[in-house]
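In: Below: sequence and its predicted model.
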Amino acid sequence: MGDHNFRRSVILMIEHSRSGAIGLVLNQATKTTTQELFPEWSSRTNSIPEVFVGGPVEPNSCLALGRFIGENSEPRHFIFSNVGVIDLGSDPDMLPESLTEMKIFSGYSSWSPMQLDSELAADAWFVVEADPFDVFSSNHHELWSLVLRRQKGPMAWLANYPEDPKLN
């Protein structure tokens, strides 16, 4: 992938349909904190205080993901497992106690209809099973390697691939 926005990126796909695809880069932290942008949410993001770059599209818009535990009848938009989208326009105090972690993203990654399918057909991306722990990993600097390392076969070998092979 030649686009520097996606170099060693771990992307969680949150939608993939005929109308296109949307994803969030999980491992590109900014120097901006939740306290700076959304002070009302900072108590919910103690374990992950940084705002992350979700992708190059609409960098002034923000989206949040949360991890929930237990059974709850509150309606939420779950992406997978116990990970759901959180409306940053809502009152943080109205969220259920089952919200255990939260991560805020500025911008997102987007593909036009069939664009991602073409890139996948050209083997431009590795596709692996999503893991809820990756979304909220405190080790975002190593996330790309950690995700590859747990794969089977040759893909795992790339976990130790140097950032600049010329310096190897």
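Out: Looks like it arrived, so ask away.
In: lowest-confidence helix or strand of the protein?
Out: strand 77-80 (a mean of 82; mean pLDDT, DSSP states H and E).
In: Report the strands that pair with that strand, each with its relative direction.
Out: Paired with strand 77-80 in the same sheet, following DSSP bridges, are strand 83-86 (antiparallel).
In: List of residues touching the helix or strand harbouring Ala21?
Out: In this structure, Ala21 sits in strand 20-25 according to DSSP states H and E. By C-beta atoms under 8 Å, 6 or more residues apart in numbering, the residues outside strand 20-25 that reach it are 5-6, 9-16, 52-55, 63, 65, 105, 108-113, 115-116. (Each C-beta comes from the backbone N, C-alpha and C, glycine too.)
In: Out of these, which end up buried?
Out: 6, 9-14, 52-55, 63, 65, 105, 108-111, 116 (16 or more other C-beta atoms under 10 Å).
In: Out of the residues you listed, name the ones that lie in helices.
Out: Leu116 (DSSP state H).
In: Give me the phi and psi angles of the residue sitting nearest the centre point of the chain.
Out: Taking C-alpha atoms, centre = their mean, the centroid of the chain lies closest to Leu26, which sits 3.1 Å from it. Dihedral pair for Leu26: phi -90, psi -20, per degrees, to the nearest 10.
In: what stretches of this structure score poorly on pLDDT?
Out: Scanning the chain for pLDDT under 70 picks out the ranges 1-2, 71-76, 168.
In: Where do the strands of this structure begin and end?
Out: 11-17, 20-25, 29-33, 50-53, 57-68, 77-80, 83-86, 99-111 (DSSP state E).
In: Can you say which of these is nearest to Ser137?
Out: Closest to Ser137 of the strands of the chain, according to C-beta to C-beta: strand 99-111, at 9.5 Å.
In: Verify the contact between Asn27 and Leu143 for me.
Out: Yes - when contacts are counted by C-beta atoms under 8 Å, Asn27 is listed as touching Leu143 (4.1 Å).
In: Fine, thanks again, bye for now.
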